[in-house]
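Engineer: Below is the sequence, then the predicted model.
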Amino acid sequence: MSEQNTQFYEFGPFRLEPQKRLLFRGQEVIKLAPKSFDTLLALVEHHGQVLEKDELMKRLWPDSYVEEGNLTLNISNLRKALGENPQQHEYIVTVPGRGYQFVARVKELAESEELAEAERITAPTAIAADKQEVAHGVTSSSASRRFLWPALLICALVIALAATVSYRFIYRRAVPFEKVKLTRLTNSGKTVHAAISPDGKYLAYVLSDAGKQSLWLRQVAAANDTEIIPPAASTGYFGVTFSRDGNDLYYSIKRDDPGTLYRIPVLGGTSVKLLERIDSPVSFSPDGKRFAFVRGSYPNPGESGVFIADADGGGEREIMARKPPDFFSPIGPHTGPSWSPDGQLIACAMHTIGAGYRVLAVGEPDGKEQVLTPQPWEFIARVEWLPDMSGLVMVAQNQDSAVPQIWSLSYPGGAARRITNDLDVYRSLSLTADGSKFVTTQTAANYSLWVAPEGDATRALELRVGNIGAFGGREDSTVSWTPDGRIVYVIKDPAATGTSEIWIANADGGSRKQLTKGGLNGSTAVSPDGRYIVFISNRSRKSNVWRMETDGNNPKQLTGGLDDSNPTVSPDGQWIIYASLSNGKFTLWKVPLEGGTPVELITRPASTPAISPDGKLIAYLYAEGQPVPELDQPATKIGVIPFGGGEPIKTFDIPLFSTVQATLRWAPDGRSLLYAVSRNNVANIWSQPLDGGAPRQVTVFKDKLMAAFDWSRDGKQLACVRGAHTRDAVLISDAR
């Protein structure tokens, strides 16, 4: 009998049998059209690889010409048959401009023809033989042997079947964090970083209050807090990590110098300095003897690398390096590498300017690199391996989500699945040793639209127009006046986490109307004649400048940059000034309001442009100097240039903790620049005179933060986005 093997494949709950041309989900046969089956087989046979569309077309229709739509239809039918969610492709992903990739984990199995033959004759043949021997009354030893072999064969097959079922039960383990339970561990609203001990019994967290940060320890079950390191000014923590045995805390801090790594016993003691020039939390090797970390601006500005060092800080060496436009990002407390449980791989998020974020893994010690994410993401921060290496958990944001959420990423397939699905922002990430739970920081924002006559805080009126977007990105926090006294604002859709929509209403909140539908829309500006609203939208899959009429009709795309932001319209209604990502940095550009070719105004870094009322000057923001610890970024300054471009004619320092990234405005009289400053969780508008005088406070609000503001054209009404956000540590447990 031939020993030729019959090949079949298993992925998730499915079993694909090529010879029988059948697809099973458990015992159920999934019906597929012949070409759909052929498409699935081709993808599965090349799992983990990108199959070009042309290659697939030639394989499926080798002797005829068909349109590409037929392939698209096959893929659509397959996704439905596999039960894929339209927003999350667990099995088949589209690789734009190329083709398709099967990303699920595939197990290739084989069974011999001899075993297959035995399965075909087992039960029916044995029963027939038994009946025949009884009918003839045969009792000879030869007859006994003839009776015995089918029984032995049955036993062998039962054992084999039991082993197969056991294997499949183990292999098809429950999807991690498919169902989760969220438990809030802190309630101060001021927790900026958090980590959980390997045994899940302790929480270490950083508390930020009144510009000072401190390190605390909490027993999770008892909810009692112990201060480990007291508050200190000008100190920013760059991550907290427990050692593998849970006895020590490793933490990075930044003051005016590069980041420094320290170690302190969990139960209290003296901090020991271990390492300098560190820009991320650390991740330990499985044996706890080494750790990995990210270092930025090394050996030259803009360059970055992943390093490993001994647990005492010695023996450091670089294992993966990048130069612009690639860098390991974001350099800071919410990123960092993750060392795999088998000790063979170190994963880390990497950002390519203009091309998004990916997760890379480098082999240790062979140095071989691999990309773990088939497609680029809008943003990826912290990543953590699951203990069984079936995948990773990561803080990330795709093009269809408005804010960073928690995702699972399968390994090696790279299929992504959302774990959290809300409007909150997630940052830190720390898993227990058994992978059954993790801790993250959750930022919840509650902002609304306010109108204050003449900027008088005592007469400010809250407009009941919905939840204003405030933390989903620079496109969200905007408000603009029309010449006829209406307000343009942005609302987050609570039913669709990947959308923010532009609305318009009267100054009292009445006559509300939605102007956009679908995607991320915001960063609005209104033309002087009130005909157009200029805004940023990602409906073209990139953030670009668009224009629509004030009633929402006739939208038109005006730019096609890699990443455009903050458009504003010149007083004569001829030009739009905006910021665009170019050569690795944001610079100022202009484009005609009626459409045309964009022109770069200045090549130095600049963002958030604002045009003076007389149209002669452009103010903008830029960053300069070393990162400020409390802000995790360099201090922001204001520059002023002529409308036609050129060198800055004025520059101004602005106070720390300002929120000018959301709004920079000119006063209606053109004599000063306005921005918001937050102190002790209260924000007010400040004025910087253009003649260089000292800044002065304009509004006197007693509570709430401010994300955006705008003065009416006559200078009599102030519209502003005000509210609060809380940041706390949350425990997310696998509720299987």
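Structural biologist: Done, it's in. Numbers count the residues shown, from 1 in each chain.

Engineer: Centre-most residue in this protein?
Structural biologist: Ala396 (1.6 Å; C-alpha atoms, centre = their mean).

Engineer: Figure out how far the helix or strand hosting that one is from the centre of its chain.
Structural biologist: Following DSSP states H and E, one finds Ala396 within strand 391-397. Counting by C-alpha atoms, centre = their mean, to the nearest Å, strand 391-397 is centred 7 Å from the centre of its parent chain.

Engineer: Show the average pLDDT along whichever helix or strand comes after that strand.
Structural biologist: Moving toward the C-terminus from strand 391-397, the next helix or strand (DSSP H and E) is strand 405-410. Averaged over strand 405-410, pLDDT sits at 93.

Engineer: try stretch 507-521
Structural biologist: The model assigns stretch 507-521 a mean pLDDT of 90.

Engineer: End to end on stretch 340-353, go ahead and measure it.
Structural biologist: 27 Å (C-alpha to C-alpha, to the nearest Å).

Engineer: now swap in stretch 175-183 and tell me
Structural biologist: 20 Å.

Engineer: List the buried residues of it.
Structural biologist: Buried positions in stretch 175-183, judged by neighbour count with 16 or more other C-beta atoms under 10 Å: 175-177, 180. In short, each C-beta sits where N, CA and C put it, glycine included.

Engineer: Tell me who's in contact with the residue lying closest to Ile278 once chain neighbours are set aside.
Structural biologist: Leaving aside its chain neighbours, Ile278 sits nearest to Gly259 (4.4 Å; criterion: C-beta to C-beta, 6 or more residues apart in numbering). Contacts were defined as C-beta atoms under 8 Å, 6 or more residues apart in numbering; by that measure Gly259 touches 238, 252-253, 276-279.

Engineer: May I see the PyMOL selection of the buried members of those?
Structural biologist: Only the buried entries of those go into this PyMOL selection, using 16+ other C-beta under 10 Å:
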select buried, resi 238+252+253+277+278+279
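
Engineer: Can you tell me which of the contacts of Gly259 comes closest to Trp503?
Structural biologist: Phe238 (39.1 Å; C-beta to C-beta).

Engineer: how about that closest one, secondary structure?
Structural biologist: Following DSSP: H, G, I helix; E, B strand; the rest coil, Phe238 is assigned to strand.

Engineer: I'd like the distance between it and Gly259.
Structural biologist: Using C-beta to C-beta, to the nearest Å, Phe238 is found at 5 Å from Gly259.

Engineer: Common neighbours of those two, please.
Structural biologist: In contact with both Phe238 and Gly259: 252-253, 278-279, using C-beta under 8 Å, 6+ apart.

Engineer: And the furthest pair within those?
Structural biologist: Top of the distance list for the shared contacts of Phe238 and Gly259 (C-beta to C-beta): Ile253 and Asp279, 11.7 Å.

Engineer: if I look at those two, which residues touch both of them?
Structural biologist: Shared between the contact lists of Ile253 and Asp279 (criterion: C-beta under 8 Å, 6+ apart) are residues 238, 259.

Engineer: hey, which helix or strand in the protein has the poorest pLDDT?
Structural biologist: Lowest mean confidence among the helices and strands of the chain (mean pLDDT, DSSP states H and E): helix 113-136, at a mean of 33.

Engineer: burial count for the residue lying closest to Lys437 once chain neighbours are set aside?
Structural biologist: In space, Lys437 comes closest to Ser733 once its chain neighbours are excluded; the distance is 4.3 Å by C-beta to C-beta, 6+ apart. Residues lying near Ser733 (other C-beta atoms under 10 Å) number 16.

Engineer: Does Ser733 lie in a helix or a strand, and which?
Structural biologist: With DSSP H and E as the criterion, the answer for Ser733 is strand 717-734.

Engineer: what angle sits between that strand and strand 405-410?
Structural biologist: 40 degrees (axes from the mean of the first three to the mean of the last three C-alpha atoms, to 10 degrees).

Engineer: Return the set of buried residues in strand 717-734.
Structural biologist: 717-723, 725-734.

Engineer: correct me, but Ile535 touches Pro567?
Structural biologist: Careful, residue 535 is Phe; it's not Ile. Yes. Using C-beta atoms under 8 Å, Phe535 is in contact with Pro567, at 7.1 Å.

Engineer: Show me what the residue nearest to the centre of the chain bridges to in the sheet.
Structural biologist: Ile380, Gln405 (DSSP bridges).

Engineer: looking at it, it is touching Ala381, isn't it?
Structural biologist: Yes. Ala396 is within contact range of Ala381, at 7.0 Å (criterion: C-beta under 8 Å).

Engineer: what's the strand holding Ala396 in contact with?
Structural biologist: So strand 391-397 is contacted by 176-177, 334, 338, 347, 349, 357, 359, 372, 377-386, 403-411, 416, 419, 426-429, 431, 438, 440 (C-beta under 8 Å, 6+ apart).

Engineer: what about 6 Å?
Structural biologist: Defining contact as C-beta atoms under 6 Å, 6 or more residues apart in numbering, one finds that strand 391-397 is touched by 377-385, 404, 407-411, 426, 429.

Engineer: Then stretch 451-461?
Structural biologist: Counting by C-beta under 6 Å, 6+ apart, 450, 507, 699-701, 718-719 sit against stretch 451-461.

Engineer: Would you mind listing the buried residues in it?
Structural biologist: 451-452, 455, 457, 460.

Engineer: Quick check: end-to-end length of that stretch?
Structural biologist: Rule used - C-alpha to C-alpha; the end-to-end distance of stretch 451-461 is 5 Å.

Engineer: go on, stretch 351-369?
Structural biologist: Using C-alpha to C-alpha, one end of stretch 351-369 lies 15 Å from the other.

Engineer: chain center to that stretch, what's the gap?
Structural biologist: 16 Å.

Engineer: pLDDT averaged over it - what is it?
Structural biologist: The pLDDT scores in stretch 351-369 average 85.

Engineer: Identify the residues contacting that stretch?
Structural biologist: 319-320, 325-327, 329, 345-350, 370-373, 376-377, 379-380, 383, 562, 581, 584.

Engineer: Quick check: Thr482 vs Arg358, distance?
Structural biologist: Distance from Thr482 to Arg358, by C-beta to C-beta: 42 Å.
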